[in-house]
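J.: Provide a 3D model corresponding to the input given below.
(2 chains, ligands or ions: 2)
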Amino acid sequence: MLDALQQHMPFLLAGLWMTVQVTLLGICFGTLFGTLVGIARALGPRPAFWILGAYIHLWRGTPFLCQIYIVYFVLPQTGIAWLQFDSFQASVVALTIYSSSYIAEIVRAAINAVPRGQVEGARSVGMTSGQTLRYVIAPQALRMVLPPLGGVYVIMVKVTAVLSVIGTTELVRQANLVIQRDPANIMPIFLVVAGLYFVFCYPMLLLTQWAERRYGGLHLEA
Amino acid sequence: MSEPATKSPGDTSAESRDIIRVENVHKVFRGAKDHRIVALAGVSEVVARGEVLVLLGQSGSGKSTLLRSLNGLEAVDSGRIVVDGRDVTDRKTDLNALREEVGMVFQNFNLFKHKTALENITLPLEVVRRTSRQEARERAERMLARVGLADWAGSYPSQLSGGQQQRVAIARSLAMEPKVMLFDEVTSALDPETVGGVLRLMEELAGEGMTMVVVTHEIGFAKRAAHRIAFMDQGQVVERGDPQGFFAAPQSERAQQFLEQIL
Ligand SMILES: Nc1ncnc2c1ncn2[C@@H]1O[C@H](COP(=O)(O)OP(=O)(O)OP(=O)(O)O)[C@@H](O)[C@H]1O
Ligand SMILES: [Mg+2]
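T.: Numbers count the residues shown, from 1 in each chain, chains lettered A, B, ... in the order given. Ligands and ions are numbered 1, 2, ... in the order given. Now for the predicted structure:
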């Protein structure tokens, strides 16, 4: 059995590597995009609040599986050139959209949790709105954002398992291929797969806990 | 209209004598269900350089709105406000530049919670005034010493009493070397035992010739420090006068009622 596992290991690690790539890219773009949407919703004009809110709730209210199908099968039907994705690109796009819809709300809530009075304090000594965002709002919002952000990242790692439906050669898909060749070892193979996910997620969980201990509410009471 | 670059001390034109001019200013808020709330109803007022003006009036009479419109925190609907030669109501005016010269202190201190007392003072100096780190630090230390908090430079707002926080907030404004200071009920949120320190500090400032517009319910302070009282009612100044006259014999019925309530 160990021999067999050793033989399968390169396939599984290739799958893990794909999972890591897709996750990290999706998280990076999702964080960037989600942060911009969150800022616009917290501090932008009313129409931006409603329009972006509709966008966010649309994505939060539909299953990830459904979103992957839309990105991979439906968008290319439009015939628009830059909406033609291969499975890797579609995976990253879907993860970006999915994570950004959660991150935007986290960022918005954190910005709103910084008391408005501090903004007036900053503006009344001559700071511009940009300076106020950078030096007063952002540092305090960041502390509040870190713990929930870590939670979203861990969820993102785990939803990548669904990406196998569009042929992305991530960990679960590789495991399925291996099992087709070696059905007798299904249990040890999936134990290894679970272990690999855990190895990827655990540092993020630790980071989340650390951020919670370090920043959880520190000096931030209203 | 162009403004002379420098003014001689002997210049007695209205513009140089009066640092604040408020002319027929209106402001309406939209409340729930688009309900119109008239906060300022054609208010006019003038403040001379070095003058301490105390604004009194019932809750909702428009004191805060008037004060906040002086540095453009509240945009008014019509009328004109000129502060130190800058038209606050003109869209083209650089409000950030104006606010460097007009300090404002709030009821709830509005300190930056993630910064120490010292950093609360150095941040605007470095960011707005582009003061060097070293110089900002030295000035902040002087300011903290001045408000009696030299030993608290490294404390966060959450580690300070309300009175101490308010003195840091005053120091933060003073460090910008403003020409005018605006105070909006700065002792209302304080424990009684810390009120005195803040009021003493404000009286010192008044004694040094700082131009101040003060909204307060502290009648003792008004009697001691005010050069002039303006009493507001329903978005207008309905009575003005020197403190002795005003408190001894208020002219308007509204002012009489108001003083009966609070004395
Ligand atoms: N942002 C706002 N939105 C809606 N209404 C407002 C707003 N700010 C003030 N008002 C209303 O405008 C009127 C004047 O308010 P203002 O705060 O200037 O009164 P005030 O004299 O400072 O009262 P207080 O002594 O209670 O502080 C009040 O009726 C108030 O409810
Ligand atoms: Mg008020």
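
J.: And for the residue of chain A found nearest ligand 1, the neighbour number?
T.: At 10.6 Å from ligand 1, A:Arg116 is the closest residue in chain A, using CB to the nearest ligand atom. C-beta: built from backbone N, CA, C; applies to glycine. Neighbourhood size, A:Arg116 [other CB atoms under 10 Å in any protein chain shown]: 10.

J.: Just the pLDDT at it, thanks.
T.: Reported pLDDT at A:Arg116 in the predicted model: 93.

J.: Next, it: phi, psi?
T.: Backbone geometry at A:Arg116, expressed as degrees, to the nearest 10, gives phi -60, psi -30.

J.: dump the residue contacts of it.
T.: Counting by CB atoms under 8 Å, 6 or more residues apart in numbering or on different chains, A:Arg116 touches no other residue.

J.: Tell me which residues touch whichever residue of the stretch 51-200 of chain B sits closest to chain A, please.
T.: Nearest residue of the stretch 51-200 of chain B to chain A (CB to the nearest CB) works out as B:Asn110 at 3.2 Å. Neighbouring residues of B:Asn110 by CB under 8 Å, 6+ apart: A:115, A:117-118, A:120-121, A:124, B:169.

J.: and which of those is nearest B:Arg80?
T.: A:Ser124 (20.9 Å; CB to CB).

J.: which residue sits closest to the closest one, ignoring its sequence neighbours?
T.: B:Met104 (4.0 Å; CB to CB, 6 or more residues apart in numbering or on different chains).

J.: Can you report phi and psi for that neighbour?
T.: Backbone torsions for B:Met104, taken as degrees, to the nearest 10, come to phi -140, psi 130.

J.: shouldn't it be in contact with B:Ser173?
T.: Yes. Using CB atoms under 8 Å, B:Met104 is in contact with B:Ser173, at 6.7 Å.

J.: the more surrounded of the two?
T.: More crowded of B:Met104 and B:Ser173, by other CB under 10 Å: B:Met104, with 26 against 23.

J.: So which residues of chain A form helices?
T.: A:2-43, A:46-60, A:64-69, A:87-113, A:116-124, A:129-132, A:138-159, A:171-181, A:186-215 (DSSP state H).

J.: Just give me the residue right at the centre of chain A.
T.: A:Ser99 (3.6 Å; CA atoms, centre = their mean).

J.: Let me see the contact set for that one.
T.: With CB under 8 Å, 6+ apart, A:Ser99 has these contacts: A:26-27, A:30-31, A:34, A:152-153, A:156.

J.: same thing with A:Val93?
T.: A:71, A:85.

J.: where's it relative to chain B, distance?
T.: A:Val93 sits 36 Å away from chain B, going by CB to the nearest CB, to the nearest Å.

J.: do A:Ala4 as well
T.: Distance of A:Ala4 to chain B, computed by CB to the nearest CB: 55 Å.

J.: count of neighbours near that residue?
T.: Number of residues near A:Ala4 (other CB under 10 Å) recorded here: 15.

J.: what does the stretch 51-200 of chain B put close to chain A?
T.: For the stretch 51-200 of chain B, the contact set with chain A under CB under 8 Å from any CB of the partner chain comprises B:71, B:73, B:96-100, B:102-104, B:106, B:108-114, B:123-124, B:127-128, B:156-158, B:169, B:172-173, B:176.

J.: Just the ones of the residues you listed in strands?
T.: B:102-104 (DSSP state E).

J.: of all those residues, which comes closest to A:Val145?
T.: Closest approach to A:Val145 among these (CB to CB): B:Met104, at 29.5 Å.

J.: residue contacts, that closest one?
T.: Neighbouring residues of B:Met104 by CB under 8 Å, 6+ apart: A:120, A:124, B:67-68, B:71, B:73, B:173, B:181-184.

J.: As TSV, the residues you listed with pLDDT and distance to B:Phe29 would be great.
T.: Converted to TSV, the contacts of B:Met104 look like this (pLDDT from 0 to 100; distance: CB to CB, whole Å):
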residue	pLDDT	distance to B:Phe29
A:Glu120	96	16
A:Ser124	96	20
B:Leu67	97	15
B:Arg68	97	12
B:Asn71	95	18
B:Leu73	95	14
B:Ser173	97	26
B:Met181	98	26
B:Leu182	98	20
B:Phe183	98	22
B:Asp184	97	17
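
J.: Take those and keep only those in helices.
T.: Under the assignment DSSP H, the contacts of B:Met104 contribute A:120, A:124, B:67-68, B:173 to helices.

J.: Between those, which sits nearest A:Ile51?
T.: Out of those, the member with the shortest distance to A:Ile51 (by CB to CB) is A:Glu120, at 27.3 Å.

J.: Was I right to think that closest one contacts B:Gln107?
T.: No. Look at A:Glu120 against B:Gln107 with CB under 8 Å: they stay out of range, at 11.0 Å.

J.: Find the residues that touch each one of B:Met104 and B:Ser173.
T.: Common contact partners of B:Met104 and B:Ser173 (CB under 8 Å, 6+ apart): A:124, B:181.

J.: Can you give me the pLDDT of the residue lying farthest from the centre of chain B?
T.: Here chain B reaches farthest from its C-alpha mean at B:Lys33, the gap being 31.9 Å by CA atoms, centre = their mean. At B:Lys33, the model reports a pLDDT of 83.

J.: does it count as helix, strand or coil?
T.: Of the three states, B:Lys33 takes helix under DSSP: H, G, I helix; E, B strand; the rest coil.

J.: distance of it from B:Asp84?
T.: Distance, B:Lys33 to B:Asp84, by CB to CB, to the nearest Å: 40 Å.

J.: distance between stretch B:176-187 and the chain's centre?
T.: On the basis of CA atoms, centre = their mean, to the nearest Å, stretch B:176-187 sits 4 Å off its chain's mean C-alpha point.

J.: I meant stretch A:46-60, not that one.
T.: Centre to centre, stretch against its chain (CA atoms, centre = their mean), the figure for stretch A:46-60 is 18 Å.

J.: next one: stretch A:20-28
T.: 8 Å.

J.: With stretch A:125-136 instead?
T.: In terms of CA atoms, centre = their mean, the gap separating the centre of stretch A:125-136 from the centre of its chain is 29 Å.

J.: Tell me which residues are up against it.
T.: By CB under 8 Å, 6+ apart, stretch A:125-136 touches A:39, A:43, A:114, A:118-119, A:121-123, B:96-100, B:103, B:112, B:123-124, B:127-128, B:172-173, B:176.

J.: buried subset of these?
T.: By neighbour count, with 16 or more other CB atoms under 10 Å in any protein chain shown, these hold A:39, A:43, A:114, A:118-119, A:121-123, B:96, B:98-100, B:103, B:112, B:123-124, B:127-128, B:172-173, B:176 as buried.

J.: buried sites along stretch A:155-162?
T.: Using 16+ other CB under 10 Å as the test for burial, stretch A:155-162 gives A:156-157, A:159-162.
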